[in-house]
Structure formats: structure tokens, C-alpha cells
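[1] Would you be able to build a 3D model of this:
(one chain, ligands or ions: 1)
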Amino acid sequence: MASLKKPKIAVVGATGNVGREVLDIIDEREIQFSELVALASPKSKGTTIDYGENKSIVVGDLSEYDFSGTDIAIFSPGAKVSSEYAPKAAKQGCIVIDNTSHFRTDPEVPLVVAEVNPEALKNFRTKNIVANPNCSTMGLLVAVKPLHDQFKVKRIVVSTYQSVSGAGKEAADELFNQTKSIYANEAVVKERFTKQIAFNVIPHIDVFMEDGQTKEEWKMFHETKKILDPNIELTATCVRVPVFVSHSMAVNLEFENAYTEDQVREIFKTAPGLKMIDYRADEGYVTPVECAGLDPVYVSRIRRDNTIQNGLNFWCVSDNLRKGAALNTVQIAEILIKDYLSS
Ligand SMILES: NC(=O)c1ccc[n+]([C@@H]2O[C@H](COP(=O)([O-])OP(=O)(O)OC[C@H]3O[C@@H](n4cnc5c(N)ncnc54)[C@H](OP(=O)(O)O)[C@@H]3O)[C@@H](O)[C@H]2O)c1
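    Numbering: from 1, shown residues only. I've put the predicted structure just below:
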């Protein structure tokens with residue numbers, strides 16, 4: 001299938017944690033484009049971002065940009081900004097791939113993990129918007145989908161250990177500054193997090209819902225149902241930890257059908273987007289620092305849960321800025337270009 005033309009691509013929120021990764025990944029994966037545009041807030045207008053192999057790009061102001069003639073825009077400017085500008089861009093004929101939470105539960109907007117439900121993209125024209133899932137849901141479903149296909153997952157119990165970069169570049173600075181302050185015996189300043197994050201963990205991500213769960217936990221429940229299967233039950237506890245990059249998860253699955261650990265290992269060995277490192281020995285498992293900057297979702301500590309029938313435990317880690325955000329949006333752009341924008 002030959003491409004009609006090389007698409008014009010815009011990266012919105014290009015100066016942020018996720019936006020910078022999007023630019024790097026576009027370069028790494030050698031995405032062919034006619035023009036690449038970087039956009040951010042008015043304060044960044046005219047600044048230059050370095051990305052990829054010795055490349056740089058000048059940032060424009062989103063509020064001044066006309067999306068007519070731009071084929072694909074990857075948006076990561078925060079939910080409020082996306083809610084205003086993504087529909088405008090979509091109306092101007094640009095396909096928006098949105099990284100924020102704003103459109104994820106909209107039934108008319110496909111919510112897509114490239115390895116899990118690329119077929120959902122067939123409905124993207126309804127609003128001209130595609131949503132990228134939450135960074136924790138993303139890693140979880142890359143690992144759970146191949147097991148669900150084989151053994152049918154009934155229930156997921158997941159506890160997350162989420163890095164500070166998941167809350168943006170200022171949140172990552174807060175961990176750095178608090179750590180420095182503690183060593184220098186200075187006062188700890190907290191702005192982005194509700195409690196001290198340095199040398200601490202915080203069981204609170206996003207706002208509280210009426211029933212006591214947080215919005216981050218609510219997102220994992222609803223996004224899993226939308227992407228994978230509405231019959232799967234999920235309960236989550238989402239925790240922020242003093243790690244700069246990569247989200248980890250302790251996952252417990254209950255299957256409908258019987259399984260063996262060998263079968264699970266065989267499935268994990270060949271599943272798309274997944275790497276298994278599981279040796280039941282010192283260092284025979286992954287930790288977040290080892291996964292930062294890498295594309296796959298990693299699984300370790302695979303073992304049967306003997307307290308329920310057909311129960312399985314494992315540990316799962318992925319770079320929240322790559323597979324958790326930027327990489328998946330670029331993979332969606334690749335599928336759109338190959339399967340929908342070509343003749
Ligand atoms: N970090 C993650 O792991 C992750 C994962 C999945 C989804 N997301 C979502 O992706 C979005 C961005 O996250 P991030 O971590 O990259 O945040 P970030 O590092 O704080 O970056 C925010 C970006 O948005 C831009 N921006 C802010 N206000 C704007 C405005 N009025 N107009 C245009 N651009 C504006 C900023 O530009 P300036 O530099 O000019 O202010 C910056 O480029 C969030 O909605 C987040 O929930 C993040």
C-alpha cells in the first residue's frame with residue numbers, strides 16, 4: 001500500500017515530558033512527514049527544542065496555530081487545554097491523538113493500545129479524535145491481553161507504584177528539589193504533591209471520587225473495560241513513589257479457565273510489546289530504573305496465587321513516558337498512516 005503523501009504532523013505540548021519523547025520517538029522510528037510542527041503555550045513561543053539525532057525545532061504558540069492542512073496532531077498539553085483545542089483541530093480536518101484523560105471515556109472516541117485493540121481505530125472519523133489510555137492501564141493491558149485471550153480474565157487486583165514524571169516536568173523537579181533540601185537540612189517545599197514525595201510514598205493520584213477511590217484508580221477500571229472487555233472486574237490502589245521514570249505494578253489475576261505457569265511463560269515470551277525477565281534469583285527481575293528509556297512492557301515475578309482458583313501474580317514495569325504515553329501515540333499515528341491514510 002503506497003502512501004498518498006507524507007503527512008504533516010504537529011506535536012502539541014512539545015516542551016513537556018511527553019511531548020519531548022514524542023519528538024524523539026518520531027525521529028527514532030523514522031516516521032516520514034512532509035513537515036513537523038512543535039506547539040506549546042505562549043510562553044514557549046520561539047524557543048528551540050533539541051530532539052533525536054542532532055535535530056532541533058522552533059516552538060510555536062498553540063493558540064495562534066491553524067490546523068487546516070495538518071494531517072495528524074499528537075496532543076499532550078493537559079486535559080483542560082486538549083478539551084478546548086483538540087475539537088477545534090479535529091473540525092479543521094486534523095486527526096487528533098490525545099494523551100490526556102479528557103476524551104478517554106467518550107463512547108465516540110476510540111481508546112487504543114496499539115498491541116491490544118488497534119481495530120477500534122476504525123471509528124476514529126466520528127470525532128476525528130483518538131484517545132491514548134492512562135499510563136498505568138497501558139502497561140497493564142499489554143501484559144493482560146494475551147493472557148485474557150487464552151484463559152479469560154475474570155478479575156484484576158492491581159497496586160501501582162507510579163513515578164513522579166507521570167505528573168509532569170514540574171512534579172519531577174519537586175522530587176529533585178525536596179531530595180536536595182533534605183540532604184542540605186533545609187525546609188521541604190511541596191507544591192505539586194499533597195505530601196512530601198522525597199523518601200516517602202503517597203497513596204493518592206488525581207482527585208478523590210465520592211466512593212473513596214481516586215480518579216486514577218477509577219480510570220484503570222473504566223479504561224480496562226473499554227479497551228479489553230466490559231466483563232472484567234478491576235480494583236486498583238494507585239500510589240506515587242519517589243522514582244523519576246517508569247511505573248511499576250503488582251498484578252493479581254483471576255482466570256475463568258485453568259492455566260499452567262509454563263503456558264503463561266510461553267505466552268509472555270512471544271506477546272507483542274512485552275519482555276519477560278523472571279529468574280527467581282538475585283537480580284532476576286526488572287526495576288523501574290532499568291526500564292527508563294526503553295519501549296517494552298516488562299514482566300517479572302510470575303507465580304501462582306494459591307489462595308484462589310486459577311490465580312496468578314506478576315510484577316510489571318514500563319516507562320510511563322514511552323509506552324505509557326508517547327510511544328503508543330506514535331504507534332497509533334503509524335497505524336493510521338498505514339491502514340487509513342494510504343491508498
Ligand atoms: N507524564 C506521563 O507519564 C503521562 C502519561 C500519559 C498521559 N499524560 C498526559 O499528557 C499530558 C502532558 O503530560 P506531561 O507529563 O508532558 O506534562 P508537562 O511536562 O507538564 O508538559 C505540559 C505541556 O503542555 C504545554 N501547555 C501547557 N499549557 C498550555 C497551553 N495553554 N497551550 C499550549 N500548551 C500548553 C506545556 O507548554 P509550556 O512548556 O509552554 O508550558 C508543555 O509542553 C497530561 O495531560 C498528562 O496527563 C502524561
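[2] What count of nearby residues applies to Asn117?
    Residues near Asn117, counting by other C-beta atoms under 10 Å, number 17. Any C-beta I mention is one placed from the backbone N, CA and C, and that applies to glycine too.
[3] Over to Asp262?
    By other C-beta under 10 Å, 8 other residues sit near Asp262.
[4] same question, the one 3 residues further on
    Other residues near Arg265 come to 13 when the count uses other C-beta under 10 Å.
[5] chain center to the host helix or strand of it, what's the gap?
    Using DSSP states H and E, Arg265 falls within helix 261-270. Per C-alpha atoms, centre = their mean, to the nearest Å, the displacement of helix 261-270 from the mean C-alpha position of its chain is 24 Å.
[6] Now it: buried residues?
    Neighbour counts over helix 261-270 (16 or more other C-beta atoms under 10 Å) mark 264, 267-268 as buried.
[7] on contacts alone, who are the packing partners of that helix?
    Secondary-structure packing of helix 261-270 (3 or more C-beta pairs under 8 Å, 6 or more residues apart in numbering; DSSP states H and E): helix 135-151, strand 274-276, strand 297-305.
[8] ok, so of the buried residues of helix 261-270, who is nearest the ligand?
    Phe268 (23.7 Å; C-beta to the nearest ligand atom).
[9] how many other residues sit next to the residue of the chain at minimum distance from the ligand?
    Taking C-beta to the nearest ligand atom, the ligand has its nearest neighbour within the chain at Gly16, 2.1 Å off. Around Gly16 there are 23 other residues, counting by other C-beta under 10 Å.
[10] check contacts around it.
    Residues in contact with Gly16 (C-beta atoms under 8 Å, 6 or more residues apart in numbering) are 40, 76-77, 168-169.
[11] any idea how far Asn99 is from it?
    9 Å (C-beta to C-beta, to the nearest Å).
[12] between those two, what contacts are shared?
    Ser76.
[13] In CSV: the helices and strands packed on helix 261-270, plus distance to Pro110 and mean neighbour count.
    Output for the helices and strands packed on helix 261-270, formatted as CSV (distance: least, C-beta to C-beta, whole Å; neighbours: other C-beta atoms under 10 Å):
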stretch, distance to Pro110, mean neighbour count
helix 135-151, 14, 24
strand 274-276, 22, 20
strand 297-305, 21, 20
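[14] nearest to Ala333, of those?
    Ala333 lies closest, by C-beta to C-beta, to one member of the helices and strands packed on helix 261-270: helix 135-151, at 15.7 Å.
[15] thinking again about what came up before, filter the buried residues of helix 261-270 down to the ones close to the ligand.
    For the ligand, no contacts are drawn from the buried residues of helix 261-270 by C-beta under 6 Å from any ligand atom.
[16] show me what contacts the residue in the chain sticking out farthest from the centre?
    Each residue of the chain has a distance to the centre, and by C-alpha atoms, centre = their mean the biggest one is for Asn185: 35.9 Å. Residues in contact with Asn185 (C-beta under 8 Å, 6+ apart): none are found.
[17] That one should be in a strand, yeah?
    No - under DSSP: H, G, I helix; E, B strand; the rest coil, Asn185 sits outside any strand and is assigned coil.
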